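In: Fold the following.
(4 chains)
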2 protein chains.
Amino acid sequence: MSLRIALLGLLSSSGPASGYDLTKKFEVSINHVWQAGHSQIYPELAKLAADGLVTVEAEGARGRKTYAVTPEGRAEVHRWMMEHVPAEPARSENALQAFLLPLLDAPEAVAVLERMSAVSRARLGHLYELKVANPPASGRLGVHALELGIMQTESFLTWATTTIDALRHDA
Amino acid sequence: MSLRIALLGLLSSSGPASGYDLTKKFEVSINHVWQAGHSQIYPELAKLAADGLVTVEAEGARGRKTYAVTPEGRAEVHRWMMEHVPAEPARSENALQAFLLPLLDAPEAVAVLERMSAVSRARLGHLYELKVANPPASGRLGVHALELGIMQTESFLTWATTTIDALRHDA
DNA sequence: TATCCCATGTAACACGTTACATGATTAC
DNA sequence: GTAATCATGTAACGTGTTACATGGGATA
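Out: This next block holds a predicted model:
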């Protein structure tokens, strides 16, 4: 369900695009929010076309198909945004490792937390790059999600640091 | 993969339990970190037994089977904790709505953000209850994950509030 | 004896990942 | 001509969700 919304959303904001284009756009923008590879995107576009939410606007060289959102497609995104209450993720490997941390002894737990911190700092760096590349012009899809991602990653880092300190004091 | 680890982790910490017990434990403790229903848990326990990571310690009334972790099972959790680098979630309906927020006009966006806030406040309340019920005794599985969940939810709320304010000023 | 909780399972379907497979066009 | 990139798809497999199905034991 959400993949269709993501595709319709991108098409709504950026205008017509091919499956190939959308795959690339996923990689560079929406990726930190919703991942999908071409093997998921192509069949989903076909279904969206069958359901009348997008149309094949043009067929170009190399079998390239350019898709455009229909009014029904726009309505579908709008409805989802206004009515759908997001299911909270509640399935995070990071959180699972956090949960099971007490199974380790203190030095091991610290090592795990430090690895997590390193990964998070890298992620944070990546998000800052995105922010610099896509300056926060309002109206641009993704600005708010980027801020959210940065805040969440920072708060994860704070948690990791705090927990490392606590474990060091215990030991 | 992660479901096995979650099951092995619970069995490691709490001692032998049945599929039914584990299903209940998921609901009240690990649930905010990794969800699973009985229809996933029963087959997974069978596989774990087939792989020698747990054993059927006893068979009681009503076909009840009590599972216990084997040393191999403990080793498996330990290895996963030390070696497995968690894949970041990168698939969150909340974040997707955040991403697509610019498709809405300001009052609509504020309404969406307020709904998100309400859900988050409820979640936060639930997590606080868990914290009170399970006082932070070190060594107890889940203490750290609970702190993490609370911090993440709080930072989500901060983001929502900040974004609402920004949208109100724009409008 | 009826209802609730214990207790376990299977089946159908949706979603996601990885790998396989193919071919056209462009740039060197 | 050959390598990189454009461009699209399918298949196999693993994981997750919902619904279906069954029955024993305790309690009112």
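In: per-residue confidence at the spatially most central residue of chain A?
Out: For chain A, the residue sitting closest to the mean C-alpha position, by CA atoms, centre = their mean, is residue A:33 at 1.2 Å. Predicted confidence (pLDDT) for residue A:33: 95.
In: Quick check, it in contact with residue B:89.
Out: No: with contacts counted by CB atoms under 8 Å, residue A:33 stays clear of residue B:89, the gap being 9.9 Å. The C-beta positions use only the backbone N, C-alpha and C, and glycine is treated the same way.
In: buried set for the helix or strand hosting residue A:132?
Out: Residue A:132 is located in helix A:106-133, with elements delineated by DSSP states H and E. Buried residues in helix A:106-133, defined by neighbour count with 16 or more other CB atoms under 10 Å in any protein chain shown: A:106, A:109-110, A:112-113, A:115-117, A:119-120, A:123-124, A:127, A:130.
In: Next, see if it gets close to chain B.
Out: Yes: counting by CB under 8 Å from any CB of the partner chain, chain B has neighbours in helix A:106-133: A:108, A:111-112, A:115-116, A:119, A:123.
In: can you pull the buried residues of stretch A:61-69?
Out: Neighbour-count burial for stretch A:61-69 [16+ other CB under 10 Å]: A:65-67, A:69.
In: ok, so of those residues, who is nearest DNA strand D?
Out: The closest of these to DNA strand D turns out to be residue A:65 (CB to the nearest atom of the strand; 4.2 Å).
In: Show me what the closest one bridges to in the sheet.
Out: residue A:59 (DSSP bridges).
In: Give me the distance between it and residue A:56.
Out: Residue A:65 sits at a distance of 5 Å from residue A:56 (criterion: CB to CB, to the nearest Å).
In: A helix includes residue A:57, no?
Out: No: applying DSSP: H, G, I helix; E, B strand; the rest coil, one finds residue A:57 to be strand, outside a helix.
In: Excluding sequence neighbours, find me the nearest residue to it.
Out: Spatial nearest neighbour of residue A:57, excluding adjacent residues (CB to CB, 6 or more residues apart in numbering or on different chains): residue A:68 at 4.2 Å.
In: just checking, what packs against the helix or strand where the one you found lies?
Out: Per DSSP H and E, residue A:68 falls inside strand A:65-69. On a contact count with 3 or more CB pairs under 8 Å, 6 or more residues apart in numbering or on different chains; DSSP states H and E, strand A:65-69 meets helix A:2-14, helix A:19-28, helix A:38-50, strand A:54-59.
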